[in-house]
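Enquirer: When you get a sec, could you give me coordinates for this:
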Amino acid sequence: MSMSKNYIIAALTALLWLGADLWTKAWAAQSPSLPWGEAGSLFFLSQAHANPGIAFGLRLPMAVQVGATFAVLAALGYASHQRLRANPGKGFLQSLLWGMLLGGALGNLAERLNQGYVLDFINLKPFPTFNLADVGITVGLGGWILMEWLEEKRKD
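Expert: Below is the predicted model:
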């Protein structure tokens, strides 16, 4: 697959993930009671609440949060570009993962800049409450790290 197709896949995935994230946050903010699960169950949608922190609720000044987001995205974007450039034929999964990560990061960043906090509403015990953007960030980054680790293992 060509580099341009990989970038298109990443961009479309990011836009879809961003749209889904912003839509679910708007839905959760408008829903007085969320319809699935109960507070004692393993999985439930909880009352939406504002999370002013970054990465597991770590509270930092807004400028630091925004700067850290841009720095991490720039570093991962550069690494992803180098990886795709080195082997463009194997970039489909990496492009999907990068799109998920980018869409999630942009979703949380947009909300943080607009409202000063991120809305969390998914509760999967024992994890802290999170949102769809957090899923994209975690799956995207975790999948990318796993791909790199498997590639290194295959070389050995």
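Enquirer: Need the phi and psi values for the nearest residue to residue 134 once chain neighbours are set aside.
Expert: Sequence neighbours aside, residue 104 is the residue nearest to residue 134 in space, at 6.6 Å (criterion: C-beta to C-beta, 6 or more residues apart in numbering). The C-beta positions use only the backbone N, C-alpha and C, and glycine is treated the same way. With angles defined as degrees, to the nearest 10, residue 104 sits at phi -70, psi -50.
Enquirer: any idea how far residue 10 is from residue 104?
Expert: Distance, residue 104 to residue 10, by C-beta to C-beta, to the nearest Å: 13 Å.
Enquirer: next SSE after the helix or strand bottoming out on mean pLDDT in the chain?
Expert: Here the helix or strand of the chain ranked lowest by mean pLDDT, DSSP states H and E is strand 43-51, holding a mean of 71. Sequence order places helix 62-86 as the next helix or strand after strand 43-51, per DSSP states H and E.
Enquirer: Contacts only, for residue 110.
Expert: The contact partners of residue 110, by C-beta atoms under 8 Å, 6 or more residues apart in numbering, come to 18, 22.
Enquirer: which helices and strands does the lengthiest helix in the chain pack with?
Expert: Scanning the chain for the longest helix, with DSSP state H as the assignment, gives helix 3-30. Where contact means 3 or more C-beta pairs under 8 Å, 6 or more residues apart in numbering; DSSP states H and E, helix 3-30 is packed against strand 43-51, helix 62-86, helix 92-115, strand 118-124, helix 132-155.
Enquirer: Show the low-confidence segments of the chain, by residue range.
Expert: Where the chain drops to pLDDT under 70, the residues are 1, 32-47, 56, 88-90.
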